[in-house]
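*Asks:* Mind looking at a prediction? Sequence and model below.
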Amino acid sequence: MNSQDSFSFTRCLSGGQLLELDACTQCGECLKYCPVQEVTGDRSVSPPEKIRHFKEFIKKTSGLRRWLFAGGRIDENLLQDFTKAVFECTTCGACGQACTVGIHTQRLWPMLRREMVKRGLGPVGQQKETPEAVSRTGNPYGKPSGERFSWFLASEAKVAEKAKLGYYAGCTGAYEAKPMVRGDVLALSRVGEPFTMLPPEEEVCCGFPLFITGQFELLEGLVKRLAGAYAAKGVETLICSCPCCVNMISRDWPSFYGRRLPFRAMHISQYIDRALRDSRLSIAKALDERLIYHDPCYLSRGLGITEEPRDILSRIPGAKLLEFERNRTNSRCCGSGGAARKVFRDNALAIFRLAINEACEKKADRLVLSCPACYSVAGAALEGYDRQVDVVDIMELLSEVF
Amino acid sequence: MMAEGFLYFLAIAALLVYASFIIRTAVHLASWLKGPSPEKPGHGQSPGGGNKNIRAAALDVIFLRRLFRVNRVLWVGEWVFHVSFLLVLIRHLRYFLTPVPQFVWQMQSAGRAAGYVLPFSLLYIIIIKAAANRGRQMFAYNYFLLAGFFLISSLGALMTLYFYPDVVAVKEFMMFSLDPRALFSGALPESPLAGMSGEVPFLAHFLLALTILFYLPTHIFAAPFTIYKARRRDESMKGNFYPSP
């Protein structure tokens, strides 16, 4: 790395992303959709402000201004404020969805975070402990691998040694949203197609918490380890419960793996919906309830999967499906995305409580989720809150009506 | 003499603004062509292209469809602004091109009508933005551009209606400001601006236009490409996650 590179703010950005920074019109349309700004009222976290500041950093360090005036120093406080703003973001991508010029913010923010990490300014709070926790235990929570999922597999599911279908529980599901993983495994077992899993000590983090916080150092090793292990088991389709894992595997694993993956990734709702359509799975019981479905950001805006979960729910006899005002690719974040849940906990709780409020106003009996991060924040948000609604994962719900 | 000196100052200022605009655009273009980050991971897989996406993206740009999706009230003003601004720009080409192309002559009436619409569309946008969320949406730079364009277009409309400038003098001056050799040889235009009836409004109009050109947002060039990229991304999403069995 030469001296100029070490000074430039464009190291982590592609040409396309520099184009995106230049494309921002500062129109402010995205502000209406930023969940962090909605609950904090803090304008500095808003997408146009982040872009404006980052462009200023670039101009001062590698633009014409630097060439003409031998560069300029950037105020340390400004850098620290920017770092807080970019790490406070939930990377939900709602701003990008509303962006009038189509900036892919769900991809841009992690790269700006990466730049801050390279400068020693990020990550923030507990996010700093993630690489050490992953190195030591294989998961970002630092919990023993033995607690991962052995507690239910022996009695409730038959896992094949090798199979074309693989299931990856993911760390948040396995440690913080266990009923989700149990529901997934029960649903997969019910379909009857043999599926395999890695032993708990081998099923390590997919790398998303590291990627999203700009800490790339361990990623190549994790990806090669996991991809190699699933390939050795003959997996051709890898089912995940976590939309972030599916995003990471589909979009980013190939670049860390160095070549095309030997399998494809799929969200559990896609697989189960297909099984229901093909009559490989049927729903036996009715459910006289009003259900409201929350679209996870990385499933809807990240992967474009919005109809499969609704199709599953609409097949439950007696169930009435309600919609949030903001739904599908325009859904509101749960507050826990972007590894911000534990560092900016108050924001996460306040954001999810907006969903609770709306679910209560619409008289929903249950709020249905399909992401372990949403599930995890839901429990915390309901604690001590005066409005209550039952929260359930879509597969957990489905396992009640087989 | 004072008028001559001012004319020189104005022409040199214009030349510097044009040059800075070209250099700035070139520097940005070079950065956009930088390609992927030297740290290759983290930028995901490239979605596919295709003529279908180009056509759809062109329609996205022409009809500002992404804005239409999120704010239809604002879209009305923005679309009228963009179309009328384009027509006015085409009408202004007669001051910069010799001979004037036929299509520029053919667009004069439409450009003249658009010139009356333009300030109203900008006023509408400013009001809508100021009213939305108690002004939360307004960013200083955005406001500066809108206000600048509003003043320029209002002066333009006033010059069409009341303060008629000497168009021959204006054209001679514009050609003069575009020609560095003439500028540095000291050969002033034969029809000086000084003394014409619309001199002050024209000078204000021209200086404001130079200011806006100096601060011209890069999104004018970058946005069509990001809109195309977004279209490709949207279209390829299903291809990525719904592979054929």
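*Replies:* Arrived safely, thanks for sending. Numbers count the residues shown, from 1 in each chain, chains lettered A, B, ... in the order given.

*Asks:* helix or strand for the closest residue to B:F103 other than its chain neighbours, which one?
*Replies:* Distances taken as CB to CB, 6 or more residues apart in numbering or on different chains put B:I90 closest to B:F103, at 7.7 Å, once the chain neighbours are dropped. From N, CA and C alone the C-beta is placed, and that goes for glycine too. Assigned by DSSP states H and E, B:I90 falls within helix B:72-92.

*Asks:* List the residues that contact B:A114.
*Replies:* Counting by CB atoms under 8 Å, 6 or more residues apart in numbering or on different chains, B:A114 touches B:83-88, B:91.

*Asks:* The residues you listed, buried ones only, as a PyMOL selection?
*Replies:* Burial among these is assessed by 16 or more other CB atoms under 10 Å in any protein chain shown; the matching PyMOL selection reads:
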select buried, chain B and resi 83+84+85+87+88+91
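
*Asks:* quick revisit: give me the buried stretch members for the helix or strand following the helix holding B:I90, please.
*Replies:* Counting by DSSP H and E, the next helix or strand C-terminal to helix B:72-92 is helix B:102-106. Neighbour counts over helix B:102-106 (16+ other CB under 10 Å) mark B:V104 as buried.

*Asks:* what does helix B:102-106 rub up against?
*Replies:* The contact list for helix B:102-106 (CB under 8 Å, 6+ apart) reads B:90-91, B:93-94, B:97.

*Asks:* Kindly export that helix (C-alpha atoms) in PDB.
*Replies:* Presented in PDB, the C-alpha positions along helix B:102-106 are these (Å, rounded to 0.1, in the frame of the first residue of the first chain):
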ATOM      1  CA  GLN B 102     -32.500  22.900 -38.000                       C
ATOM      2  CA  PHE B 103     -33.900  21.000 -35.000                       C
ATOM      3  CA  VAL B 104     -32.900  23.900 -32.700                       C
ATOM      4  CA  TRP B 105     -35.000  26.300 -34.900                       C
ATOM      5  CA  GLN B 106     -37.900  23.800 -34.900                       C
END
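
*Asks:* The closest residue to A:A227 other than its chain neighbours - how many residues pack around it?
*Replies:* With CB to CB, 6+ apart as the criterion, A:A227 has its nearest non-adjacent residue at 5.2 Å, and that residue is A:Y257. Residues near A:Y257, counting by other CB atoms under 10 Å in any protein chain shown, number 19.

*Asks:* how close does A:Y257 get to A:T237?
*Replies:* Distance of A:Y257 to A:T237, given as CB to CB, to the nearest Å: 17 Å.

*Asks:* Any regions of the stretch 101-250 of chain A where pLDDT drops low?
*Replies:* Scanning the stretch 101-250 of chain A for pLDDT under 70 picks out the ranges A:151-152, A:154.

*Asks:* at 80 what do you get?
*Replies:* When residues are selected by pLDDT under 80, those of the stretch 101-250 of chain A lie in A:150-156.

*Asks:* Give me the distance between the residue nearest to the spatial centre of chain A and chain B.
*Replies:* Central residue of chain A (CA atoms, centre = their mean): A:C244, 3.4 Å from the mean position. Distance, A:C244 to chain B, using CB to the nearest CB, to the nearest Å: 14 Å.

*Asks:* Would the helix or strand hosting A:L299 count as contacting chain B?
*Replies:* A:L299 is part of helix A:297-300, with elements assigned from DSSP H and E. No: remark: helix A:297-300 sits outside contact range of chain B, by CB under 8 Å from any CB of the partner chain, the gap being at least 10.0 Å.

*Asks:* Show me how far that helix is from its chain's centre.
*Replies:* The chain centroid and the centroid of helix A:297-300 are separated by 7 Å, computed with CA atoms, centre = their mean, to the nearest Å.

*Asks:* buried sites along the next helix-or-strand element following that helix?
*Replies:* Next in sequence after helix A:297-300, counting helices and strands by DSSP H and E, comes helix A:307-314. Neighbour counts over helix A:307-314 (16+ other CB under 10 Å) mark A:308-310, A:312-313 as buried.

*Asks:* nearest to chain B, of the residues you listed?
*Replies:* Nearest to chain B, judged by CB to the nearest CB, of these is A:E308 at 9.9 Å.

*Asks:* wouldn't that closest one be in contact with A:S269 here?
*Replies:* Yes: with contact defined as CB atoms under 8 Å, A:E308 reaches A:S269; the gap is 4.5 Å.

*Asks:* So is the strand or helix carrying B:E235 next to chain A?
*Replies:* Using DSSP H and E, B:E235 sits in helix B:219-241. Yes: interface with chain A: helix B:219-241 contributes B:219, B:221-223, B:225-227, B:229-231, B:233-234, B:237-238, B:240-241 (CB under 8 Å from any CB).
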